[in-house]
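Student: output the structure for:
(chains A and B)
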There are 2 protein chains.
Amino acid sequence: MNVVNDAVPVSLNPKPPVLLDVVGIGSPLLDVVSRSDDALLERLGLPKGSMTLVDRDAAEAIHASMGTTIQVSGGSAANTVAGVASLGGSAGFVGRIADDEIGALFSHDISAIGVEFEAAIVPSTHEGSGRCLVIVTEDAQRTMATHLGVANGFALEDLDQGIIERAQITYLEGYLFDQAPAKEAMRAAVRVAHDGYGSVALSLSDSFCVDRHRSDFLTLIEEDVELLFANEDEIRGLFGATTTKAALEALDDLGIVAAITLGEKGCVVVTPSGRVEVPAVSVAEVIDTNGAGDLFAAGFLYGMTHNYEPVRSAELGALCASEVISHLGARPQRDLRELALNVGLLD
Amino acid sequence: MNVVNDAVPVSLNPKPPVLLDVVGIGSPLLDVVSRSDDALLERLGLPKGSMTLVDRDAAEAIHASMGTTIQVSGGSAANTVAGVASLGGSAGFVGRIADDEIGALFSHDISAIGVEFEAAIVPSTHEGSGRCLVIVTEDAQRTMATHLGVANGFALEDLDQGIIERAQITYLEGYLFDQAPAKEAMRAAVRVAHDGYGSVALSLSDSFCVDRHRSDFLTLIEEDVELLFANEDEIRGLFGATTTKAALEALDDLGIVAAITLGEKGCVVVTPSGRVEVPAVSVAEVIDTNGAGDLFAAGFLYGMTHNYEPVRSAELGALCASEVISHLGARPQRDLRELALNVGLLD
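Tutor: Okay, the predicted model is just below:
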């Protein structure tokens, strides 16, 4: 019988772990995207620009009322890490899918773009893998109804802690606050990140989501977030501020780094040493703003994990956002690294 | 016992049947589209610009080698009738799908755009509904590997003859020649169309497909086709001609109406009373030529079924093609009627 003294580590000559720039945690979704008009949103009772969680029956009813669609992998944090990988960064993703066709398409796409996907795969059920019905109106605004499917059950046991240990930045999508079992997983991920050398980034995701979980968001941000992403509505909602100016002042007081996107007006980066504004990258035609925030975050995160100044990081974010809003779907259709090389933002 | 004298029709006060401008017969497919480079095509042994039929295992291997994808309903004839419906025309489609997720997405999309879909639905099997792996290279050319799935079994018993009786034009995709059981169904459809007041249109689909079935194509065209769609490669292949000029002369002799698309050079319409050239509609950026021919046919068919001159029909075709090549995917993403109204091609 061999006794291994556990005071003496047994060296198996392990390879050092591969570090990752960004690991995202969020809901893996297949986006089902259709152009439509405001009348459809009113008929469906979906507030424009919002994300509403729906059950499978409601999702099917909404789908039936939508026009012709395209299907493209989505999910907020998944879009962001896909963007990081497309820029040439190293990225991982953690999420929960079913063993079905939708899950297989999602897995293919995120792996194909170069993201290491630590999937929690559950047997195929009636719920199935998550999907998001996206209605894009003529103003290029997107309104979403999400059937999370098995992603709704994402919990601590689905979290691959090993991949979080390897992440320079662990990126959480705010939408996870809508999923009770996910909170424990988020707390564990934050702990793992901070026990090592990782930082925690959070996207506020959606102003309605912020309204639903305002105090939870504030507590997490104050205690555990080093890098915050939000748009104007979300940041105002977070601080209960009536103006963006007031919200930015509240942010200054937090002393963290935050990137606040302002749509076609670009963004404001808030840092402990002051604020800086970066313009948007103009595009020939804005087709679909879905993914604009996610891809801005991708560029910014790539920059921050490659020792770029916040301004250049934000410029890279703006470039990535400009690619994704120029077509339907929230994943890049161009190689973002090539795009960034062409305009001199990478070298 | 009631005896009905069949010399005296029993009137049930039937509604007159709704006539349809165009009914398409073809393979319902979900396109899985990815941008890539020529090296991938070489590695996979797929001739650029071609459509290769593959089995499920090969399809999965090709899919695994592709980058991030978008999924969008496809199928050549299905794209065409979707375009007719988007222009405001009345259209139908006949094809075979399985009772699965892919089939449901296809059904949704074609119904949502306004096409009457007479689906032959078979129980879900390992084969599943058809899908087409589309690799779009940087020159915007598309190369396809199609796993027909249950569409491969499309046969006479799947043909809803009632919908063909109602069609002003029955539109056949040449790809059907690759499916042995489909030939009998095509012959039956031609007979039903010609027994009534219907005309028969045929798209040659693919030059490799023409090479495989040249004499079958010629026989069908000479005996039963009133309206032919082809590109330069296909029409040269059909007549074994080395130049487009020679192929057009052979077409003149047939005495039918034919629209030969020439890519960015536009098209030539051949009629018994002479030829006419119509330029292409230029676009800001050609992204993906998949569906260009299908949507050209949509506009041309809409025109021909609405008493337009061939030139204006071809202009409408060119407009529809310009929409579909400006984004990934072979289905229109814009309302084609609105587009045509804006430029004065419809009123």
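Student: near chain B at all, stretch A:129-149?
Tutor: No - Stretch A:129-149 lies out of reach of chain B by Cβ under 8 Å from any Cβ of the partner chain, never closer than 9.5 Å. Bear in mind the C-beta positions are built from the backbone N, C-alpha and C, glycine included.
Student: quote the end-to-end distance of that stretch.
Tutor: One end of stretch A:129-149 sits 5 Å from the other (Cα to Cα, to the nearest Å).
Student: tell me the buried residues in that stretch?
Tutor: Neighbour-count burial for stretch A:129-149 flags A:129-137, A:140-149 (criterion: 16 or more other Cβ atoms under 10 Å in any protein chain shown).
Student: which non-adjacent residue is nearest the residue of the stretch 1-150 of chain A found nearest chain B?
Tutor: Closest approach between the stretch 1-150 of chain A and chain B, counting by Cβ to the nearest Cβ: A:Gln71, at 3.8 Å. For A:Gln71, ignoring the flanking residues on the chain, the nearest one in space by Cβ to Cβ, 6 or more residues apart in numbering or on different chains is B:Gln71 at 3.8 Å.
Student: quick check: bridge partners of that neighbour?
Tutor: Beta bridges link B:Gln71 to A:Gln71, B:Val32, judged by DSSP bridges.
Student: what number of residues lie near the residue of the stretch 1-150 of chain A closest to chain B?
Tutor: A:Gln71: 24 surrounding residues under other Cβ atoms under 10 Å in any protein chain shown.
Student: can you pull the contacts of it?
Tutor: A:Gln71 sits next to A:30-33, A:105, B:70-72, B:105 when contact means Cβ atoms under 8 Å, 6 or more residues apart in numbering or on different chains.
Student: packing partners of the helix or strand containing A:Val134?
Tutor: Counting by DSSP states H and E, the element that carries A:Val134 is strand A:130-136. Applying 3 or more Cβ pairs under 8 Å, 6 or more residues apart in numbering or on different chains; DSSP states H and E, one finds that strand A:130-136 contacts strand A:29-35, helix A:38-44, helix A:56-65, strand A:142-147.
Student: and the longest one, how far out from the chain's middle?
Tutor: This means helix A:56-65. Distance, stretch centre to chain centre, for helix A:56-65: 25 Å (Cα atoms, centre = their mean, to the nearest Å).
Student: buried ones in it?
Tutor: Along helix A:56-65, the positions that meet the burial threshold by neighbour count (16+ other Cβ under 10 Å) are A:59, A:62-63.
Student: so which residue of the stretch 151-300 of chain A comes closest to chain B?
Tutor: Chain B sits closest to A:Ala284 of the stretch 151-300 of chain A, with a gap of 6.0 Å, by Cβ to the nearest Cβ.
Student: part of a strand, is that residue?
Tutor: No - in this structure, A:Ala284 is coil, not part of a strand, as judged by DSSP: H, G, I helix; E, B strand; the rest coil.
Student: quick check: phi and psi on it?
Tutor: phi -60, psi -50 (degrees, to the nearest 10).
Student: ok, it to A:Gly263 distance?
Tutor: Going from A:Ala284 to A:Gly263 by Cβ to Cβ, to the nearest Å gives 17 Å.
Student: cool, and A:Thr137?
Tutor: Going from A:Thr137 to A:Gly263 by Cβ to Cβ gives 15 Å.
Student: same check, this time on A:Asp288
Tutor: 13 Å.
Student: when those two are compared, which one has more neighbours?
Tutor: Counted by other Cβ under 10 Å, A:Asp288 and A:Gly263 do not tie: A:Asp288 has more neighbours, with 23 against 16.
Student: and that one, what does it touch?
Tutor: Listed by Cβ under 8 Å, 6+ apart, the contact partners of A:Asp288 are A:33, A:136, A:140, A:142, A:325, A:327-330.
Student: let's see it at 7 Å
Tutor: Residues in contact with A:Asp288 (Cβ atoms under 7 Å, 6 or more residues apart in numbering or on different chains) are A:136, A:140, A:142, A:325, A:327-329.
Student: who in the stretch 201-347 of chain A is up against chain B?
Tutor: Contact residues, the stretch 201-347 of chain A versus chain B (Cβ under 7 Å from any Cβ of the partner chain): A:284, A:327-329, A:331, A:333.
Student: narrow those to those that are buried.
Tutor: Applying a neighbour-count criterion of 16+ other Cβ under 10 Å, the buried members of those are A:327-329, A:331, A:333.
Student: where along the stretch 151-300 of chain A do the strands fall?
Tutor: Assigned by DSSP state E, counting those that start in this stretch, the stretch 151-300 of chain A shows strands spanning A:167-173, A:199-203, A:227-231, A:257-261, A:267-271, A:274-278.
Student: returning to that earlier point: identify the farthest-apart pair in the contacts of A:Gln71.
Tutor: Based on Cβ to Cβ, the longest span within those runs between A:Val33 and A:Leu105 and measures 13.9 Å.
Student: neighbour count: these two, which is higher?
Tutor: Here A:Val33 and A:Leu105 are compared on neighbour count by other Cβ under 10 Å; more neighbours surround A:Val33, at 27 against 24.
Student: what sits opposite the residue nearest to the more buried one when sequence neighbours are not counted in the beta ladder?
Tutor: In space, and not counting its chain neighbours, A:Val33 is closest to A:Val134: 4.4 Å by Cβ to Cβ, 6+ apart. On the basis of DSSP bridges, A:Val134 is bridged to A:Val33, A:Met144.
Student: got a pLDDT number for A:Val134?
Tutor: At A:Val134, the model reports a pLDDT of 96.
Student: what's near enough to touch it?
Tutor: Contacts of A:Val134 were listed using Cβ under 7 Å, 6+ apart, and they are A:31-33, A:142, A:144, A:290.
Student: could you rerun that using 6 Å?
Tutor: A:31, A:33, A:142, A:144, A:290 (Cβ atoms under 6 Å, 6 or more residues apart in numbering or on different chains).
Student: just checking, A:Thr146 touches A:Cys132?
Tutor: Yes - A:Thr146 is within contact range of A:Cys132, at 4.5 Å (criterion: Cβ atoms under 6 Å).
Student: same list, the buried residues of helix A:56-65, but as TSV with pLDDT please.
Tutor: Shown next, in TSV, are those (pLDDT from 0 to 100):
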residue	pLDDT
A:Ala59	95
A:Ile62	96
A:His63	94
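Student: apart from its neighbours in sequence, what residue is nearest the residue nearest to the spatial centre of chain A?
Tutor: Geometric centre of chain A, nearest residue: A:Ala77, 2.2 Å, by Cα atoms, centre = their mean. In space, and not counting its chain neighbours, A:Ala77 is closest to A:Gly26: 3.0 Å by Cβ to Cβ, 6+ apart.
Student: could you do A:Gly317 as well?
Tutor: Distance criterion Cβ to Cβ, 6+ apart; nearest residue to A:Gly317, sequence neighbours excluded, is A:Gly299 at 3.5 Å.
Student: what about the one you found, how many residues nearby?
Tutor: For A:Gly299, the tally of surrounding residues (other Cβ under 10 Å) stands at 32.
Student: for A:Asp253, same thing?
Tutor: A:Asp253 has 8 neighbouring residues, counting by other Cβ under 10 Å.
Student: do A:Leu319 as well
Tutor: Residues lying near A:Leu319 (other Cβ under 10 Å) number 22.
Student: name the residues of the helix or strand harbouring it that are buried.
Tutor: Element membership for A:Leu319 (DSSP H and E) is helix A:310-324. Within helix A:310-324, the residues that count as buried by 16+ other Cβ under 10 Å are A:310, A:312-324.
Student: after that helix, next one along is what?
Tutor: Next element after helix A:310-324 (DSSP H and E): helix A:336-342.
Student: how about residues contacting that following helix?
Tutor: A:86-88, A:319-320, A:346.
Student: distance from the chain centre to it, please.
Tutor: 21 Å.
Student: equivalent analysis for stretch A:113-126, please.
Tutor: The chain centre lies 16 Å from the centre of stretch A:113-126; the measure is Cα atoms, centre = their mean.
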